[in-house]
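S.K.: Give me the fold of what follows.
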Amino acid sequence: MQATTLALVGATGGAGTTRTAVELAAIGARDDRDVAVVDAAFTTQGLSEHVAGRIGTDLTALLTDETDASLSAATYPIDVEGEGNGDGDTAALPGRADAVPARAPFERAARAKTAEAARKLERRIGEAATAYDAVVVDAAPVGSNEAVGAVAAADRVEAVTPATAHGRDALQRLRGRVADVGGSVDGTIAVDRAGESGSERGDGGRADTELPPTDPVVGSAPEATTGTGEYVAALAEAYERAFDASLGIEFEEPGLVERLRS
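M.R.: Okay, here's the model as predicted:
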């Protein structure tokens, strides 16, 4: 098995990249697929917040101190029940939704940010692609070795932006950065936030997918585990586009995904 690898790259900090990566993994697992999310945002380490229970070996350890260990040593089930129930139970989903998180002290995280470590990260992403149906890499704006490694290793790169004018401008800068390292932005996901005024909103509708507002609290994710509303339908559309797949998930209104595509 050789999975499609998708690098989700935030156009700005706080764009919603990690949440989107977790939700994509959940909706894939809901359709009986095995999906891994690999952390390539070593500064924020936000993916670790979506893991139930204690994290022992993490991804940065595999890139520095435990290079001979298998990827499974740093792989943990995503907390699909929400709010850190601590049991790591993914039985609610037909497939697997796993995380390969970074959770490290500053000294090790710094060593994992070198160019040599980035090349090891590329190999770890390739290792994940042999074990899963799909791999999502959570990457910060392209300004670090690990983000460049994520872009280099991925089959497809999608930008995650706020659905605002600021997000639109940041997307243009990101396109330039990705081009500088020999890649291209193949798709865009705009994340809408509740409470934004009309003057703050930009051209989110021009993105390939616009995600409607949802509860931003970590404990509310992943909504895609059981949800059937517009937010989850938009995620399904994004998953199908990114992985060239067709999901057999029913939504509240017939044709909702098709309407979102139009």
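
S.K.: The stretch 151-262 of the chain: strands as residue ranges?
M.R.: Per DSSP state E, counting those that start in this stretch, the stretch 151-262 of the chain carries strands over the ranges 156-162, 187-191, 209-211.

S.K.: who wins for proximity to Gly176 among these?
M.R.: strand 156-162 (11.7 Å; CB to CB). Quick note: C-beta positions are derived from backbone N, CA and C, even for glycine.

S.K.: which residues touch that closest one?
M.R.: Contact partners of strand 156-162, identified using CB atoms under 8 Å, 6 or more residues apart in numbering, comprise 4-12, 14-17, 20, 151, 167-168, 170-171, 174-175, 178, 183-191, 193, 202, 204, 207-208, 238, 242.

S.K.: thinking again about what came up before, got the strands of the stretch 151-262 of the chain as JSON lines, with mean pLDDT columns?
M.R.: Output for the strands of the stretch 151-262 of the chain, formatted as JSON lines (pLDDT from 0 to 100):
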{"stretch": "strand 156-162", "mean pLDDT": "97"}
{"stretch": "strand 187-191", "mean pLDDT": "97"}
{"stretch": "strand 209-211", "mean pLDDT": "96"}
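
S.K.: The contacts of strand 156-162, buried ones only, as a ChimeraX selection?
M.R.: Entered in ChimeraX, the line below selects the buried ones among these, by 16 or more other CB atoms under 10 Å:
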select :4,5,6,7,8,9,10,11,12,15,16,17,20,151,167,168,170,171,174,175,178,183,185,186,187,188,189,190,191,193,202,204,207,208,238,242
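
S.K.: thinking again about what came up before, Ile249 is nearest to which of the strands of the stretch 151-262 of the chain?
M.R.: Nearest of the strands of the stretch 151-262 of the chain (CB to CB): strand 209-211, 15.5 Å.

S.K.: Next, Val135: secondary structure please.
M.R.: strand (DSSP: H, G, I helix; E, B strand; the rest coil).

S.K.: about what we covered before: make CSV from the strands of the stretch 151-262 of the chain and add distance to Asn145 to it.
M.R.: Compiled in CSV, those are given as follows (distance: least, CB to CB, whole Å):
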stretch, distance to Asn145
strand 156-162, 16
strand 187-191, 24
strand 209-211, 28
